[in-house]
Each structure stands twice: as structure tokens, then as C-alpha cells.
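>>> My questions concern the predicted model and sequence given below.
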Amino acid sequence: MNSKQTTYTTFSYDAHARTCAPDDFLRQTRRTVHGVPMTEEQLHMIMAAISKGLELRSEDVLLELACGNGFLSVQLFDGCHSYLGTDISDYLISVAKKHFERQPNHRFEVIGGVQYVNQEPHPERFTRALCYAGFQYFSDSDILHVLTVLFQRFTKLERIFLGNLPDRAHLTDFFIHSIPTDDELSDPCTALGIWRTREAFKKLAETAGWLVEFSIMPYEFYAAHYRYDVTLTRQG
């Protein structure tokens, strides 16, 4: 028997989203608390954190990786000049295109983050980037690659906001009865993705060239006790 065999449940956002009603945007992307869609208050706190982290301006061109179905994304459209959202799920992008896309300046595209940053033909056009509740589904090597390419090719990219990352230093604040194995906590294909300490994430981001600033959500936010946000900027 292979000792590396997976003994825990893996997860697919694409498969999950297809089980939800076509207009149940919050459940499709698991914006839920104990299975119940988030309240307006919780969603407002998310958008406030994103707005603070991005410092979005009317002239900005915004890139979003792992954008899901665009339900949060569309709320940023009026604050920027143009937008491109990418996600590996063709189903979630189909929902985004149907309900939220505003051609020609605010678009969605089916493509994985690593592939996208490698092949974007005009990377210099982007000034802001976002990934909310998605970066934990990237492996360490993919994060290092994406952040390095964003730093080197996307030369006008000034700020990146990465939200809702699970904090490995606070496992016991979430897993009350038993702690998952190291393999499960380090697997991007689980429902919660990879749990990383701030120190581990900072090392990846700084290796790619970015300055790192951590923040947490207000106490009232349902996941404030075991997740953190990250803002990346260029030196100077």
C-alpha cells in the first residue's frame, strides 16, 4: 500500500458550483457561514477590506485571479477603468459572463492563474491585482512563480491584495476536535486549501520581490480568528 495515498476528501469548486442553483451566487463560491449565505454585513466587511488593500483609483486596470463567478468582482467595476477576471472553472466563468460581465472594459476569461500570467500579451497595462479566498489553492511553487512573474512582467502593477488566507498558526481556533495531517494541511486540493503561517507566506512573497503587509478582518467577521489578509507593494 502506498503510504502517500490520500485519506481525506479533496474538493472541486467547479463541481461544487454545478450543484447549486444558477443564480445562487454565494453558495456557488462557498461564501457561506455554516452553509448559510453570508449576511450583507459580512459581505460589506469583505468589500471594505478589498477596497482598503487595493486603494483602487478610477484610472486603475485591475487583474483578478481565481475570480469565481464575479459576484464580488462586479462591485469593483465602477471604481476602476477596466478589469480582467480569470478562473480555471469554466462553469463559474460562464456565470460571471452571463450576469456580471460589462464588455468591452470589464471581462472574464477561463484560464488558470499560472498559465495566464505567463501568456498575457500586455502585462504592463495592469496597475492593481486581487485574489480573494483563492491563493490558498495555489501550491508553494505556483505562488512563487505567479508572484515573481507579476513582479517582473507586470511592471506597472503597484499593489496586490490577497484575502482570506487560512493561518496555520491558528489551527486550533478552527479545528476544535482534531487537527488534520500535515499532508492534508499542505494540499491545495482540499476544501480549505493550504494552511500557511504568515512567516511562510512572507518568505514566498519576499523571494518574488514584494514588500509584505499583513492585516486581519474586524472581530465581527466570521473567520477573523483563523485567517489573514496580505497586501503586497513594490519598494519605493
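All right, it came through fine. Predicted, not measured: the structure shown is a model, and the values here were computed from it.
>>> Check which residues of the lengthiest helix in the chain are buried.
For the chain, the helix reaching the highest residue count under DSSP state H is reported as helix 40-54. The neighbour-count check on helix 40-54 (16 or more other C-beta atoms under 10 Å) flags 42, 43, 45, 46, 49, 50, 53, 54 as buried. Heads up, the C-betas are built off the backbone N, CA and C, glycines and all.
>>> and what of stretch 86-101?
86, 87, 88, 89, 91, 92, 93, 95, 96, 97, 100, 101.
>>> Quick one: classify residue 162 as helix, strand or coil.
Three-state assignment for residue 162 (DSSP: H, G, I helix; E, B strand; the rest coil): strand.
>>> Any stretches of the chain with poor pLDDT?
By pLDDT under 70, the low-scoring segments of the chain are 1-5.
>>> switch to 90 and redo it
1-7, 235-236 (pLDDT under 90).
>>> And the strands in it?
Along the chain, counting by DSSP state E, strands occupy 32-33, 36-37, 61-65, 82-87, 106-110, 128-132, 159-166, 211-215, 227-233.
>>> Dump these to JSON lines, plus distance to residue 178.
JSON lines is the format used below for the strands of the chain (distance: least, C-beta to C-beta, whole Å):
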{"stretch": "strand 32-33", "distance to residue 178": "21"}
{"stretch": "strand 36-37", "distance to residue 178": "24"}
{"stretch": "strand 61-65", "distance to residue 178": "32"}
{"stretch": "strand 82-87", "distance to residue 178": "32"}
{"stretch": "strand 106-110", "distance to residue 178": "37"}
{"stretch": "strand 128-132", "distance to residue 178": "29"}
{"stretch": "strand 159-166", "distance to residue 178": "16"}
{"stretch": "strand 211-215", "distance to residue 178": "28"}
{"stretch": "strand 227-233", "distance to residue 178": "20"}
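>>> of the buried residues of stretch 86-101, closest to residue 220?
Distance to residue 220, by C-beta to C-beta, is smallest for residue 100 among the buried residues of stretch 86-101, at 27.2 Å.
>>> still on that earlier bit, how about the buried residues of stretch 86-101 in a markdown table, adding distance to residue 192?
A markdown table is the format used below for the buried residues of stretch 86-101 (distance: C-beta to C-beta, whole Å):
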| residue | distance to residue 192 |
| --- | --- |
| 86 | 22 |
| 87 | 18 |
| 88 | 18 |
| 89 | 17 |
| 91 | 21 |
| 92 | 18 |
| 93 | 23 |
| 95 | 22 |
| 96 | 23 |
| 97 | 28 |
| 100 | 26 |
| 101 | 29 |
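>>> list the contacts for the closest residue to residue 196 other than its chain neighbours?
Spatially, and ignoring its direct neighbours in sequence, residue 196 is nearest to residue 168 (5.5 Å; C-beta to C-beta, 6 or more residues apart in numbering). Shown in contact with residue 168 (C-beta atoms under 8 Å, 6 or more residues apart in numbering): 185, 195, 196, 197, 200.
>>> List the ones among those that fall in helices.
185, 200.
>>> Closest to residue 24 out of the contacts of residue 168?
Nearest to residue 24 among these, with distances taken as C-beta to C-beta, is residue 195, at 27.6 Å.
>>> How much space separates the closest one from residue 130?
Separation of residue 195 from residue 130 (C-beta to C-beta, to the nearest Å): 21 Å.
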